[in-house]
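1. test case, fold it:
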Amino acid sequence: MSVVASTWSWGRWFWPALVGSLLADLVSKWAVHAALIRHWDHPSWITWAYNPGVAFSLFAGHPEYVTVLTLVLIPVLAVVWWRGPRREGRWQNLAFGLILGGALGNAVDRVWAQVGQLAGVRDFISVDLGFWPFNPWPTFNLADSAICIGFVLLIVLSFRSQPRPSAAIAP
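-> Numbers count the residues shown, from 1 in each chain. Here you go, the predicted structure:
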């Protein structure tokens, strides 16, 4: 198999997921912010929040540590993916593409926050279903969604039965 063919086999699932989730996140943050500052009509589930921490605002008091941790974990995750799951199949590549694309989308916000352009990661989706634990759920963005979907997909894939290696036949 040629290098181009082997790259395409994993790349056709990984790259669209990564680039799509990254662009969807950044464009949606820009569009929602533009709509809100211009006071355009928007659905009630759209709100605007900055999260200087991670999920559920953990470590919000130390956004600089969260930024450094993010910038260290993204390349570590990329190396882990490159060395293993990249060769396992389309679903693993799709999942890692979603996770890395979402992580990069939030990393952009974290870096902008460190240079004083933002107050944290831009979140805008507000869910309140009226019962615990969804009343209300913390505000989130498309990057968070991509990360969660990718992670859940990896968990589901981990329960699939793997083919067992056949024992070597002795001569």
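2. going forward, measure contacts between C-alpha atoms and count neighbours the same way
-> Fine.
3. which element is the closest residue to residue 147 other than its chain neighbours on?
-> Spatial nearest neighbour of residue 147, excluding adjacent residues (C-alpha to C-alpha, 6 or more residues apart in numbering): residue 99 at 4.2 Å. Counting by DSSP states H and E, the secondary-structure element that holds residue 99 is helix 90-114.
4. now the angle between helix 90-114 and the helix or strand containing residue 81, please.
-> Here residue 81, judged by DSSP H and E, is contained in helix 63-83. Here helix 63-83 points in a direction 160 degrees away from that of helix 90-114 (axes from the mean of the first three to the mean of the last three C-alpha atoms, to 10 degrees).
5. helix 63-83 packs against which elements?
-> helix 90-114 (3 or more C-alpha pairs under 8 Å, 6 or more residues apart in numbering; DSSP states H and E).
6. before we move on, the earlier item: so the residue nearest to residue 147 touches residue 142, yeah?
-> No: counting by C-alpha atoms under 8 Å, residue 142 is not a contact partner of residue 99; they are 11.1 Å apart.
7. neighbour count for those two, which is higher?
-> Each of residue 99 and residue 142 has its neighbours counted (other C-alpha atoms under 10 Å); residue 99 has more, 28 against 23.
8. following element in sequence after the helix or strand harbouring residue 123, please.
-> According to DSSP H and E, residue 123 maps onto strand 121-127. Beyond strand 121-127 on the C-terminal side, the first helix or strand identified by DSSP H and E is strand 137-140.
9. how about residue 142: what's its closest non-neighbour residue?
-> Closest to residue 142 by C-alpha to C-alpha, 6+ apart is residue 25, at 5.0 Å.
10. now for that neighbour, how many residues are close by?
-> When neighbours are defined as other C-alpha under 10 Å, residue 25 has 25 of them.
11. which strands or helices does the host helix or strand of it pack on?
-> In this structure, residue 25 sits in helix 3-37 according to DSSP H and E. Judged by 3+ C-alpha pairs under 8 Å, 6+ apart, helix 3-37 is in contact with helix 90-114, strand 121-127, helix 142-158.
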